[in-house]
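Undergrad: Got a predicted structure here, sequence first:
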Amino acid sequence: MKKALHIFVFLLLLFCTAAGWAKTITVCSSCSVKTIQEGIAQASEGDTVLVKQGIYKEINITINKSIVLLGENLPTIDGEDRGEIIKIVADNVTVDGFKIINVGTSYTEDYAAVRVIKRDGFLIQNLELEKLFFGIYLEKSNNGKVLNNKIKGDAVNEYNSGNGIQLWYCKGVEVRGNTVENVRDGIYLEFSDNILISHNHSKNNLRYGLHFMFSNHDIYEYNTFENNGAGVAVMFSKFVDMNHNIFKENWGTTAFGLLLKEINDAKITNNVFQENTVGINVEGSNRIDYSHNDFISNGWAIKVRGACYANSYVQNNFMYNSFDISYNSGINDNVFNSNYWSNYAGYDLDKNGVGDVPYRPVKLFSYIVNRTPEAIIMLRSLFIDIIDFSEKVSPVFTPDNLVDEHPKMRKINHDRS
């Protein structure tokens, strides 16, 4: 018993002593330590470098030890367009509470406001980034968090602008609560797996609000993608879970809410696609579950361009779209069942909430517009109603088995919580 007590007292003293070693180094214009880099140089593992409010004109600030770099009242780090500003090359580093402006622009190097290189356990939060090239750049770094940052670029052209948050060869990272606007891609993932992207607002970006390339087993949820060149692009990836997102007002000749290209084994559930040129543009994607989504007032709700097999479209609402489904093949290997279609004109004699007449969502006119876009000017004409009716009676150009056998008579209520 005495031995156990001695061990406990020894460990308690050791903990208290270790806690006593951690110190706070204060940086300010009137302090003995006047620059952030000098504060980091004087710090030891586990210390906090506290930066007081003010303007610090520094670049290439290198954090090479496990410390907390903490801003008080949002001090500003001004890179004066000269290059990269903060570089993290140690594990378990926190950067919290700064305004960072004027990152340098380069055509040979991807200068960033904050870069993490081959590290684990980082936390980057509560930053305001403006006048940037790249915002937060994670390179071969794992098990970290990027939380509650505001990133605002001034991008005009894709070739001389960077991305707001970029992950390259990363694993186990959480990106949550960020606002990203006016950059090239709001959030960009390449070769990054097991990533959680949630509660972000990505808007007014030149290209994509969110862009995946060769990234697997990722989740993005409860995000809003608004008024981007295109909302989200998921390419050459698998096992991506896309749920409870809002894709809205992504307008333009080549714009869409969501682009899927060469995607397999994914889930697209409980999302809202509203007022996009195309809600979902899909090509070469298989075994995807589209369920409990709302497609509202889009030009095209879903454009299926080909090579898409074993997908299911169940319990979705298609409301007031110019075209619900566009299909460029006469072969259908996908399931459409129990969706609500605002254009459905059938009846329900037994009052069970399901239409007694199957619904064909693919119109001949959508087939014509795919091949001759100029024909769109005839959208509301009587002639178009006639040819659509003739195709419905005797399908020739559209798949004869692309039918919702159990169309819902009323809008389906979806849980958005």
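TA: Nice, I can see it.

Undergrad: switch to C-alpha atoms for all contacts and neighbour counts from now on
TA: OK.

Undergrad: Report the secondary structure element holding the residue nearest the centre of the chain.
TA: The centre of the chain sits closest to Leu210, judged by C-alpha atoms, centre = their mean, with a distance of 3.7 Å. In the assignment (DSSP states H and E), Leu210 maps to strand 208-213.

Undergrad: Let me see the ranges of the helices in this structure.
TA: Here the chain has its helices, by DSSP state H, at 2-21, 36-42, 364-371, 382-393.

Undergrad: Which secondary structure elements does the second one sit against?
TA: In other words, helix 36-42. Packing partners of helix 36-42 (3 or more C-alpha pairs under 8 Å, 6 or more residues apart in numbering; DSSP states H and E): strand 24-27, strand 48-51, strand 61-63.

Undergrad: Export the ones you listed to CSV and append columns for mean pLDDT and mean neighbour count.
TA: Converted to CSV, these look like this (pLDDT from 0 to 100; neighbours: other C-alpha atoms under 10 Å):
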stretch, mean pLDDT, mean neighbour count
strand 24-27, 97, 20
strand 48-51, 98, 24
strand 61-63, 98, 19
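
Undergrad: Asp241: which of the ones you listed is closest?
TA: strand 61-63 (34.6 Å; C-alpha to C-alpha).

Undergrad: Contacts for that closest one next, please.
TA: Ile36, Gln37, Ile40, Ile85, Ile86, Lys87, Ile88, Val89, Ala90, Val93 (C-alpha atoms under 8 Å, 6 or more residues apart in numbering).

Undergrad: contacting residues for the second one?
TA: It stands for Gln37. So Gln37 contacts Ile61, Thr62 (C-alpha under 8 Å, 6+ apart).

Undergrad: Restricting the selection to alpha carbons, write stretch 112-132 to PDB.
TA: Coordinates of each C-alpha in stretch 112-132 appear next as PDB, following Å, rounded to 0.1, in the frame of the first residue of the first chain:
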ATOM      1  CA  ALA A 112       0.300  29.800 -48.600                       C
ATOM      2  CA  ALA A 113      -0.800  31.800 -45.600                       C
ATOM      3  CA  VAL A 114      -0.300  28.600 -43.500                       C
ATOM      4  CA  ARG A 115       1.400  25.400 -44.700                       C
ATOM      5  CA  VAL A 116       1.700  22.100 -42.800                       C
ATOM      6  CA  ILE A 117       4.400  19.700 -44.100                       C
ATOM      7  CA  LYS A 118       4.500  16.000 -43.200                       C
ATOM      8  CA  ARG A 119       3.100  16.500 -39.600                       C
ATOM      9  CA  ASP A 120       0.500  15.100 -37.300                       C
ATOM     10  CA  GLY A 121      -1.900  16.500 -34.700                       C
ATOM     11  CA  PHE A 122      -2.100  20.100 -36.000                       C
ATOM     12  CA  LEU A 123      -4.900  22.500 -35.100                       C
ATOM     13  CA  ILE A 124      -5.500  25.600 -37.300                       C
ATOM     14  CA  GLN A 125      -8.400  27.700 -36.100                       C
ATOM     15  CA  ASN A 126     -10.000  31.100 -35.900                       C
ATOM     16  CA  LEU A 127      -7.900  32.700 -38.600                       C
ATOM     17  CA  GLU A 128      -8.900  35.400 -41.100                       C
ATOM     18  CA  LEU A 129      -7.000  35.100 -44.300                       C
ATOM     19  CA  GLU A 130      -7.200  37.800 -47.000                       C
ATOM     20  CA  LYS A 131      -5.300  38.800 -50.100                       C
ATOM     21  CA  LEU A 132      -3.900  35.400 -50.500                       C
END
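
Undergrad: buried set for it?
TA: For stretch 112-132, a neighbour-count test (16 or more other C-alpha atoms under 10 Å) marks 112-117, 119-132 as buried.

Undergrad: now do stretch 336-344
TA: Those would be Phe336, Asn337, Ser338, Asn339, Tyr340, Trp341, Ser342, Tyr344, for stretch 336-344 by 16+ other C-alpha under 10 Å.

Undergrad: so where's the stretch 1-150 of the chain uncertain?
TA: 1-20 (pLDDT under 70).

Undergrad: hang on, isn't Lys34 packed against Ile25?
TA: No. With contact defined as C-alpha atoms under 8 Å, Lys34 and Ile25 do not form a contacting pair (10.7 Å).
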